[in-house]
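Engineer: curious how this folds, go ahead:
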Amino acid sequence: MRRIRPLTLLLPLLLLAGCTSDGSGTDSRADNDRRWQPRPGVAWQWQLSGRLDTSVDVPVYDIDGFDHSTKTVAALHRADRKVICYVSTGAWEDFRPDARKFPREVLGRGNGWEGERWLDIRRTDVLEPLMAARLDMCRDKGFDAVEPDNMDGYLNRTGFPLTAKDQLRYNRLIARMAHDRGMAVGLKNDLEQIPQLVGDFDFAVNEQCAQYDECAALKPFVTARKAVFHAEYELPTSRFCAEALRLRLSSLQKKYELGSWRRAC
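Structural biologist: Purely as a prediction, here's the structure:
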């Protein structure tokens, strides 16, 4: 920090008094929303299936919002972990407890995963209250952040004529709803719209950018001092870690089922 004359130092010190760095690779800011902000390079664990392994010594856990309780989130907090709530916001899942609340007219083609179908994200009149309930669940369980999945339907065969404009509108709606509940929110994949959305999201979550030679597209998040949580499934760490470390990504090798197994860079 450059030197400042004493008379000009008081105001910055007062502003900085509410900002501390904790062990989770974040800046905790005493602003109106007090949202968590993960920083580039922070280590993480991503587990969406199987019995949760809480022994992984990393500061950030990304886990399923429906499958885990307030008690589990609280236990992770006591261990000085930040916890991200995985929920699908762009696809319907027939195995979720709220599945019957989604009218058939908003359900599109399958998205490649058993029991899942793309949603018509243009129908915010229907989807906003349903997603609000899911985000309320994350907040009420004490999660620090949200990983909203299936946020790039406009690039896929959804069964609906979705446009890039539709996706921007919907993704910003989800981000705003998470922020309104005091939680950080990550942009899942959707690399093409990062330049427009980096200001709306607090971090990114990416799958397989190394395999498809796309990791450079995530630079705007790192430049903005926002973490990029990255996973590869088909490449060994020897094929992507050097680039990941250079780009300051938080990178893992995982298996498709996203159990507890991990190999970090």
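
Engineer: mind listing the strands for the chain?
Structural biologist: 20-22, 26-28, 44-47, 60-64, 82-88, 91-93, 107-110, 116-119, 145-149, 184-188, 203-207, 228-232, 250-253, 263-264 (DSSP state E).

Engineer: the longest one vs strand 60-64, what angle?
Structural biologist: Right, the one you point to is strand 82-88. 30 degrees (axes from the mean of the first three to the mean of the last three C-alpha atoms, to 10 degrees).

Engineer: quick one: residues in contact with strand 82-88.
Structural biologist: 24, 26, 36, 38, 48, 59-66, 73, 76-77, 116, 134-135, 137-138, 141-150, 183, 186 (C-beta atoms under 8 Å, 6 or more residues apart in numbering). Where you see a C-beta, it was placed from the backbone N, CA and C, and this is true even at glycine.

Engineer: circling back: comparing the strands of the chain by mean pLDDT, which bottoms out?
Structural biologist: Comparing mean pLDDT over the strands of the chain, the weakest stretch is strand 20-22, at a mean of 42.

Engineer: pLDDT score for Gln196?
Structural biologist: At Gln196, pLDDT is 98.

Engineer: my guess is it contacts Leu168. True?
Structural biologist: Yes. Gln196 is within contact range of Leu168, at 6.0 Å (criterion: C-beta atoms under 8 Å).

Engineer: pLDDT weak spots in the chain?
Structural biologist: 1-33 (pLDDT under 70).

Engineer: how does it look with 50?
Structural biologist: For the chain, residues meeting the criterion pLDDT under 50 lie at 1-23, 26-32.

Engineer: what ranges does it have for its helices?
Structural biologist: When secondary structure is read from DSSP state H, the chain shows helices at 6-16, 70-78, 124-140, 164-180, 194-197, 219-223, 237-247.

Engineer: give me the number of residues near Ala79?
Structural biologist: 12 (other C-beta atoms under 10 Å).
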